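Asks: return a 3D structure for these sequence lines:
(one chain, ligands or ions: 2)
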Amino acid sequence: MSLRVLGAKAAASLDKELMSTQGFSLDQLMELAGLSVAQAVYKTYPPKSYKKVLILSGPGNNGGDGLVAARHLKLMGYHPSVFYFIKSAKFEKLEIQLHSFGIPLYLSTDSQDVVGDIKRLVMSHDSIIDALFGFSFRPPLRDPYNQVIKGLIASGKPVISVDMPTGWDVDEGPRAAAIPQDEVLEPSVLVSLTAPKPASVYFKGKYHYLGGRFISEAIAQKYNFDVPQYPDLDQVVRL
Ligand SMILES: NC(=O)C1=CN([C@@H]2O[C@H](COP(=O)(O)OP(=O)(O)OC[C@H]3O[C@@H](n4cnc5c(N)ncnc54)[C@H](OP(=O)(O)O)[C@@H]3O)[C@@H](O)[C@H]2O)[C@H](O)CC1
Ligand SMILES: [K+]
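Replies: Ligands and ions are numbered 1, 2, ... in the order given. This next block holds a predicted model:
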């Protein structure tokens, strides 16, 4: 299924509009985004064979989607762990929820060796959720994220990217001039949120899902993108 894409600038203004004129709160949108991610993971890598899932959560809202997904994955029968790059106290409540669900939470602020710690965690998990950066990312990756991505590439583990493969330019994709080519992550699953971003045309993996089932027809028309038919009660549709 080929859908119209939503560029980085448009995605950011849509996000603002959803949380102003459209009356949504960030918590609501993030809950649905995180639930979509968890469903996509379940459909592709079910817990029977991929019990241990590591969520790498970045400092922005893409990371918040990962924190929400971790809670849903636990309820779906997985053993999730989270490595979280904290920037502010914005997601304190999500952290509390992870603690009360007994989900191991590793904080970048507690680590003396972020890159080494993540490498070890990656090797002891069956699949990895890349919730590091989404539509507000501008390449190139700063340290230590560049090393984290190189470690992830070298691991060969299945990677599920949330909204954007981390490190790619949202509009230009993985071959943009600013991107060192040994830092190009190729995930096996991409979960685009709201609408695919322009870079998603370069996605080579087998499973591209759209999630974020919270868009009205009127808003989709205003921003010039498509809302496909989601099957039944699903929070994701495979593109
Ligand atoms: N409407 C929706 O579909 C919703 C989407 N959601 C998710 O939110 C993200 C976008 O979240 P946002 O907080 O705007 O930004 P990101 O998480 O993508 O990234 C922000 C952080 O990225 C840092 N950054 C930027 N460039 C670099 C770089 N080259 N190296 C390292 N770090 C970088 C930036 O740091 P600064 O210091 O530059 O400020 C930020 O810390 C979207 O993609 C969806 O996943 C929500 O769930 C709501 C609904
Ligand atoms: K991502």
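Asks: could you give the average pLDDT over stretch 145-165?
Replies: What stretch 145-165 shows for mean pLDDT is 98.
Asks: wondering if it reaches ligand 2 at all.
Replies: Yes. Contact of stretch 145-165 with ligand 2 (C-beta under 5 Å from the ion) involves S161, V162. Where you see a C-beta, it was placed from the backbone N, CA and C, and this is true even at glycine.
Asks: tell me the bridge partners for the residue nearest the centre of the chain.
Replies: Taking C-alpha atoms, centre = their mean, the centroid of the chain lies closest to V162, which sits 2.0 Å from it. Per DSSP bridges, the residues bridged to V162 are V191.
Asks: I'd like the distance between it and S216.
Replies: 23 Å (C-beta to C-beta, to the nearest Å).
Asks: cool, and N61?
Replies: 21 Å.
Asks: which of the two has more neighbours?
Replies: Between N61 and S216, N61 has the larger neighbour count (other C-beta atoms under 10 Å), namely 23 against 11.
Asks: pLDDT score assigned to that one?
Replies: N61 is given a pLDDT of 97.
Asks: and it, what is it in contact with?
Replies: By C-beta atoms under 8 Å, 6 or more residues apart in numbering, N61 lies in contact with L26, M30, G134, S136.
Asks: who wins on neighbours among the residues you listed?
Replies: The most crowded member of these is G134, carrying 27 neighbours; neighbours defined as other C-beta under 10 Å.
Asks: who in the protein is up against ligand 1?
Replies: 14-15, 18, 29-30, 33, 58-63, 65, 87, 133-142, 145, 162-163, 193-194, 212 (C-beta under 6 Å from any ligand atom).
Asks: which of these fall in helices?
Replies: The members of these that map onto helices under DSSP state H are L14, D15, L18, L29, M30, A33, N61, N62, G63, D65, Y145.
Asks: nearest to G156, of the contacts of N61?
Replies: Nearest to G156 out of these is G134 (C-beta to C-beta; 23.9 Å).
Asks: show me what contacts that closest one?
Replies: When contacts are counted by C-beta under 8 Å, 6+ apart, G134 touches G60, N61, N62, D65, V162, D163, M164, L193.
Asks: now it: how far from ligand 2?
Replies: From G134 across to ligand 2, the span is 5 Å (C-beta to the ion, to the nearest Å).
Asks: same check on T44?
Replies: According to C-beta to the ion, T44 and ligand 2 sit 16 Å apart.
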